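**Student:** no sequence on this one, just coordinates:
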């Protein structure tokens, strides 16, 4: 019986026992309190099985890692027998909610959110989550809508706003702490502020500390006039996701848009701006601290500012301290009229990525004022306008002297940020190296006992059986037995 219970754990424990042994023996940042030598647990529980396996294969007196013990299945004998019976009968599909809840699994169901229609009264939402709004705030006159702590700290929040503030006049909206500290966050704003006149929109702490964000803004501020927009702390410290702005500010008149702290300290974030500010008139867009200290950022600007008239685009502290990555500017400020574009402190990093500028300022009717200040090597410019473009303070950081590096924030005598791996070249005298942060930031979940796991159709020949889980709502992601499917959501990032 015990051998059967123990069969689910070997692979993960073998992969992690060495790390726990070394880290606990050499930890200098804190002391882990030893666990009790006599753990009072029922001998037939999954937790007892895990303890027996550990004692059998780990021959030392170090405390057992609470991380692994916390992953033991919470199922008691009654619930375990009930779920096993359902698995044998292939009837788990009708009890998915209970299955995931009782077994403490991480399950994400892709069900379409309910769409709500809203009246014209001012709103103040606090602790609000997982809602879909259709035709929200259309044709409103004045006033303000406030969303505080929206979908905060949730697992797989799904938020949707369709036709938000369309044709509104002098209407303002504020989103504070929007979906921050969430996991696998999906946010969709369709037709936001189209044909709006006056007013403002403010997003503070938008999707901060999110794992796998999926953000989409479509036809945002199209044909709007003097509608001011501000994003503060947008997707900072996020992990492995995508952000898309399509048709942003098309045919808009005036109304500044500000992005502050966009994607700073994020890991492998892909951002796409398509049709941004197309045919806009007098727009003023500002990106401050864009992608700073990010790891492998992927930014793609397509048809940015095409055909604009008297617009101003400003990029400050762009990709400073970023690690590798790819940036692409295609058809940037093409056929614009008297536009000003400025890049300040561009790409000042020790490990360069690939930046490509194609058709930059091409076809401008009057000489565009395009300036690059403090930019570094490995920048490629193709087919850019030969008038009105200025380059100053070129920096070749690969050959800079040690004294010059000290002035711009070098790698000498500095802290290596916790949670990020470091390269061999950073192992220098005076540097302070901190152990990588491997904290599990995924929602709390547990191993699935082998006598249930073995009954699930996790094999190529049995994949058609998964269609049985699609009767009313489609299960999209499963994390069943973490001996084979374990990962840390925001685990160590390669630097």
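**Tutor:** Thanks, I have it. Keep in mind the model is a prediction, meaning the values are calculated, not measured.

**Student:** Could you use CA atoms for every contact and neighbour count after this?
**Tutor:** Fine.

**Student:** what ranges of the stretch 201-350 of the chain fall below the confidence cut-off?
**Tutor:** Counting by pLDDT under 70, the ranges of the stretch 201-350 of the chain that qualify are 338-339, 345-350.

**Student:** Quick check: which ranges of the stretch 1-150 of the chain have low pLDDT?
**Tutor:** If you take pLDDT under 70 as the line, the stretch 1-150 of the chain has these spans: 1-40, 108-132.

**Student:** Next, count neighbours for residue 429.
**Tutor:** 9 (other C-alpha atoms under 10 Å).

**Student:** Please list the residues outside the helix or strand hosting residue 268 that contact it.
**Tutor:** Per DSSP states H and E: residue 268 is located in strand 267-274. With contact meaning C-alpha atoms under 8 Å, 6 or more residues apart in numbering, strand 267-274 is reached by 237-248, 263, 294-304, 493.

**Student:** Now go through those and say which are in strands.
**Tutor:** In strands, defined here by DSSP state E, the members of those are 239-246, 298-302.

**Student:** Quick one: which of the residues you listed is the most crowded by neighbours?
**Tutor:** Top of the ones in strands among the contacts of strand 267-274 by neighbour count (other C-alpha under 10 Å): residue 239, with 26 neighbours.

**Student:** Hmm, residue 207 and that residue touching each other?
**Tutor:** No: taking contacts as C-alpha atoms under 8 Å, residue 239 lies outside contact range of residue 207: 10.5 Å.

**Student:** which neighbours do these two share?
**Tutor:** By C-alpha under 8 Å, 6+ apart, the residues touching both residue 239 and residue 207 are residue 213.

**Student:** picking up where we left off before, following the chain past the strand holding residue 268, name the next helix or strand.
**Tutor:** Sequence order places strand 284-290 as the next helix or strand after strand 267-274, per DSSP H and E.

**Student:** which helices and strands sit right next to that following strand?
**Tutor:** strand 257-262, strand 312-316 (3 or more C-alpha pairs under 8 Å, 6 or more residues apart in numbering; DSSP states H and E).

**Student:** which neighbours does that strand have in its sheet, and in what orientation?
**Tutor:** Sheet pairing for strand 284-290, assigned by DSSP bridges, gives strand 257-262 (parallel), strand 312-316 (parallel).

**Student:** Do you have the helices of the protein handy? List them.
**Tutor:** Residue ranges of the helices in the chain, as given by DSSP state H, are 2-6, 10-26, 46-57, 66-69, 77-88, 96-102, 402-408, 450-453, 482-485.

**Student:** For the third one, buried residues please.
**Tutor:** The neighbour-count criterion (16 or more other C-alpha atoms under 10 Å) identifies 46-54 as the buried residues of helix 46-57.

**Student:** and which of those is nearest residue 452?
**Tutor:** residue 46 (12.1 Å; C-alpha to C-alpha).

**Student:** What distance do you get for the closest one to residue 61?
**Tutor:** For residue 46, the distance to residue 61 equals 22 Å [C-alpha to C-alpha, to the nearest Å].

**Student:** Same question for residue 69.
**Tutor:** For residue 69 relative to residue 61 (C-alpha to C-alpha), the value is 16 Å.

**Student:** Neighbour count: those two, which is higher?
**Tutor:** Ranked by neighbour count (other C-alpha under 10 Å), residue 69 and residue 61 place residue 69 first, with 16 against 9.

**Student:** Contacts only, for residue 197.
**Tutor:** 167-170, 224-227.

**Student:** run the last query once more with 7 Å
**Tutor:** Contacts of residue 197 were listed using C-alpha atoms under 7 Å, 6 or more residues apart in numbering, and they are 168-170, 224-227.

**Student:** Beta-bridge partners for it, please?
**Tutor:** Residue 197 has these beta-bridge partners by DSSP bridges: residue 169, residue 225.

**Student:** What of residue 358?
**Tutor:** Counting by DSSP bridges, the residues bridging with residue 358 are residue 330, residue 382.

**Student:** again, but for residue 300
**Tutor:** Under the criterion used here (DSSP bridges), residue 300 is bridged to residue 272, residue 328.

**Student:** Now do the contacts for it.
**Tutor:** 271-273, 327-329.

**Student:** which among the residues you listed gets closest to residue 181?
**Tutor:** residue 271 (19.4 Å).

**Student:** Just give me the neighbour total for residue 356.
**Tutor:** 17.

**Student:** ditto for residue 443
**Tutor:** Residue 443: 16 surrounding residues under other C-alpha under 10 Å.

**Student:** same question, the one 5 residues further on
**Tutor:** A count of neighbours around residue 448, defined by other C-alpha under 10 Å, yields 24.

**Student:** what about it, distance to residue 96?
**Tutor:** When distance is defined by C-alpha to C-alpha, residue 448 is 14 Å away from residue 96.

**Student:** Minimum distance to residue 91: which of the strands paired with strand 284-290 has it?
**Tutor:** Once the strands paired with strand 284-290 are compared by C-alpha to C-alpha, strand 257-262 is nearest, at 46.4 Å.

**Student:** what does that closest one contact?
**Tutor:** Contacts of strand 257-262 (C-alpha under 7 Å, 6+ apart): 228-236, 284-291.

**Student:** Please apply the same query to stretch 158-170.
**Tutor:** By C-alpha under 7 Å, 6+ apart, stretch 158-170 touches 130-142, 185-199.

**Student:** Ramachandran coordinates for the nearest residue to residue 195 once chain neighbours are set aside?
**Tutor:** Nearest non-adjacent residue to residue 195, counting by C-alpha to C-alpha, 6 or more residues apart in numbering: residue 224, 4.2 Å away. Main-chain dihedrals, residue 224, degrees, to the nearest 10: phi -80, psi 160.

**Student:** Residue 224 and residue 282, how far apart?
**Tutor:** 12 Å.

**Student:** average pLDDT across stretch 358-373?
**Tutor:** Stretch 358-373 shows a mean pLDDT of 67 in the predicted model.

**Student:** now the strands paired with strand 284-290 in TSV, with mean neighbour count and distance to residue 161?
**Tutor:** Converted to TSV, the strands paired with strand 284-290 look like this (neighbours: other C-alpha atoms under 10 Å; distance: least, C-alpha to C-alpha, whole Å):
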stretch	mean neighbour count	distance to residue 161
strand 257-262	21	20
strand 312-316	19	27
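
**Student:** could those strands be laid out in JSON lines, adding distance to residue 359?
**Tutor:** Formatted as JSON lines, the strands paired with strand 284-290 follow (distance: least, C-alpha to C-alpha, whole Å):
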{"stretch": "strand 257-262", "distance to residue 359": "24"}
{"stretch": "strand 312-316", "distance to residue 359": "16"}
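
**Student:** To residue 444, which of the ones you listed lies closest?
**Tutor:** Nearest of the strands paired with strand 284-290 (C-alpha to C-alpha): strand 257-262, 29.0 Å.

**Student:** May I see the domains of this structure written out as residue ranges?
**Tutor:** Using automatic domain parsing, the domain parsing of the chain gives 2-104+445-485, 111-408.

**Student:** quick one, what contacts residue 200?
**Tutor:** So residue 200 contacts 171-173, 227-229 (C-alpha under 7 Å, 6+ apart).

**Student:** Give me the pLDDT value at it.
**Tutor:** 82.

**Student:** Any chance of the backbone angles for residue 266?
**Tutor:** Given degrees, to the nearest 10, the pair of backbone angles that residue 266 has is phi -90, psi 160.
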